[in-house]
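Engineer: okay, here's the prediction I keep looking at, along with the sequence it came from:
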Amino acid sequence: LIIILLVVEIIRLSIYLTRKSKLNFNTVWLSDVYNNNINDNVNSKIFIKEGESPVDLLNKSFEINLIKQTIQDCYPETAFFIGLDGKWNKGKSTTINLVKKSLKEEKDIVIVDFDPCKYNDDESMLTGFYNAIADKLGIGYSIKYKQALRILIDNVSVGLEKKFDFVKALYEIFSNLDVNKMICDELETSNKRLLIIVDNLDRADAGIMNFFIRSTYAVTKFKHTIFLLIYDSDLLNAQLSKFYNTRNLFMNKIINLPIKMAEIDKSRIRKIFNTSLKNLIDKGYINEFSYDLNEKIDFYEDRKSTRLNSSHDQ
């Protein structure tokens with residue numbers, strides 16, 4: 001039995017290596033397929049990246065330009081909050097990436113990416129948040145900064161244990177400690193502005209989400225700081241309803257500029273599908289009569305999203 005299994009595995013490995021030797025692999029964006037920027041080598045297998053596109057395939061120019069212009073014109077004395085609200089798979093991440101790309105030439109803007117989903121408790125989340133900012137500003141390795149951050153974390157931990165007025169306590173803690181002063185001084189000295197982009201806020205643990213929102217509300221004394229928060233308000237409010245009775249508390253209390261992602265035009269999706277399919281046929285990746293996508297095409301990211309399929313739905 002062992003010999004039979006070994007032979008089977010050798011045969012499977014041989015088939016795999018034979019197929020691999022016949023096919024080269026090339027990863028392309030869906031936008032490359034749509035714009036026909038793909039090779040016509042029929043011996044290549046392409047992996048189509050469906051996720052965060054480097055170009056605006058979905059015509060989100062309104063949202064992109066509104067966010068970009070707001071950030072360019074915003075020099076707040078206290079932190080300013082922009083909220084990008086939309087359902088999953090509506091192009092939020094692509095929109096943010098294109099905003100970041102458009103701001104690359106803005107020398108006075110320091111972009112900080114932060115994902116609260118990566119943390120399991122309040123202390124690690126808060127430490128990660130401050131370190132993300134400090135590292136971008138070049139003060140993260142300072143002993144003085146590390147000591148100041150430790151004091152902040154200790155004070156917040158004590159405050160949580162005592163369970164006193166949470167917002168008021170956090171506001172006082174953040175306002176009176178050196179770590180915030182060091183960040184504000186660095187922004188002032190370098191004549192920089194902070195753009196803090198927070199993605200996946202609605203996917204974080206409910207407790208982490210609540211603590212993060214209250215923490216950011218407490219650091220509104222940050223000068224020249226813009227928060228760009230990305231979320232689905234329905235998911236966010238469902239999580240926050242575990243702590244509050246008032247719906248839309250987050251939107252009403254925190255967000256200065258709420259932006260709702262527009263629905264994706266179905267005719268645009270149809271055009272992307274039809275054009276991409278035609279290009280794949282013309283380049284020899286798909287047989288025009290069978291639409292067999294399995295042999296030469298695979299999808300690199302997000303297999304749950306809408307994909308090209310053999311139905312050729314018009």
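Structural biologist: Yep, it's here.
Engineer: CA only for contacts and neighbour counts going forward, please
Structural biologist: Noted.
Engineer: which residues in the chain form helices?
Structural biologist: All helices of the chain, identified by DSSP state H, fall at 2-22, 30-34, 61-73, 92-102, 122-137, 143-162, 166-176, 178-190, 206-218, 233-240, 249-253, 266-282.
Engineer: show me what the last one is packed against.
Structural biologist: In terms of contact count using 3 or more CA pairs under 8 Å, 6 or more residues apart in numbering; DSSP states H and E, helix 266-282 is assigned the packing partners helix 30-34.
Engineer: where does the chain dip in pLDDT?
Structural biologist: 1-26, 41-45, 50-54, 159-176, 217-221, 245-251, 287-314 (pLDDT under 70).
Engineer: who are the neighbours in contact with the residue nearest the centre of it?
Structural biologist: Central residue of the chain (CA atoms, centre = their mean): residue 199, 4.3 Å from the mean position. Each residue near residue 199 by CA atoms under 8 Å, 6 or more residues apart in numbering is listed here: 113, 114, 115, 116, 229, 230, 231.
Engineer: let's see if you can find the most crowded of the residues you listed.
Structural biologist: residue 116 (24 neighbours; other CA atoms under 10 Å).
Engineer: quick check: that residue touching residue 204?
Structural biologist: Yes: the pair residue 116 / residue 204 is scored as a contact, 6.1 Å apart, by CA atoms under 8 Å.
Engineer: wait, which of the helices of the chain is closest to residue 49?
Structural biologist: helix 30-34 (5.7 Å; CA to CA).
Engineer: what's the neighbour count on residue 191?
Structural biologist: 12.
Engineer: how close does the nearest residue to it once chain neighbours are set aside sit to residue 195?
Structural biologist: Across the structure, with CA to CA, 6 or more residues apart in numbering as the measure, the residue nearest residue 191 apart from its sequence neighbours is residue 108 (6.7 Å). Counting by CA to CA, to the nearest Å, the separation of residue 108 from residue 195 is 10 Å.
Engineer: now the closest residue to residue 182 other than its chain neighbours: how far from residue 127?
Structural biologist: Distance criterion CA to CA, 6+ apart; nearest residue to residue 182, sequence neighbours excluded, is residue 145 at 7.4 Å. Distance of residue 145 to residue 127, computed by CA to CA: 12 Å.
Engineer: neighbour-wise, which of these two wins?
Structural biologist: Between residue 145 and residue 127, counted using other CA under 10 Å, the more crowded position is residue 145 (19 against 15).
Engineer: contacts only, for the more buried one.
Structural biologist: 139, 179, 182.
Engineer: closest one to residue 278 out of those, please.
Structural biologist: residue 139 (52.2 Å).
Engineer: could you find the closest non-adjacent residue to the closest one?
Structural biologist: In space, residue 139 is closest to residue 145, 6.8 Å off (CA to CA, 6+ apart).
Engineer: same check on residue 33?
Structural biologist: Nearest to residue 33 is residue 276, by CA to CA, 6+ apart, at 5.5 Å.
Engineer: follow-up on the earlier one: which one of residue 108 and residue 195 is surrounded by more residues?
Structural biologist: Set residue 108 next to residue 195 and count neighbours by other CA under 10 Å: residue 195 wins out with 22 against 15.
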